[in-house]
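> heads up, no residue letters with this:
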């Protein structure tokens, strides 16, 4: 079983990778790496799982929450 310190280290690594992937997406769109969107979604998913393991609350009002609201 991994220690909390090891998991936090992994979280920080994924955060750095996510920041780089988002920067790449902003600056180059999909020209450098056509699968950059999948990379970003994968990193977000991994972070979400690790936050759940660490029992950390996710920020309120994320994009999925806004998409699921039915507008009339």
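Everything's here; your move. The structure presented is a predicted model; accordingly, all values stated were derived computationally and were not measured. Numbering: from 1, shown residues only.

> Tell me which residue is most central in this protein.
For the chain, the residue nearest the mean C-alpha position is residue 44 (1.9 Å; Cα atoms, centre = their mean).

> Make sure it is actually in contact with residue 15.
No: shown here, residue 44 and residue 15 do not form a contact pair, counting by Cβ atoms under 8 Å, at 10.4 Å. From N, CA and C alone the C-beta is placed, and that goes for glycine too.

> got a list of what the residue nearest to the centre of the chain touches?
residue 18 (Cβ atoms under 8 Å, 6 or more residues apart in numbering).

> Check what pLDDT it gets.
Residue 44 carries a pLDDT value of 94.

> Likewise for residue 8?
93.

> for the one 4 residues further on, same thing?
For residue 12, the model assigns a pLDDT of 95.

> next one: the one 10 residues further on
pLDDT, the model's per-residue confidence, is 94 for residue 22.
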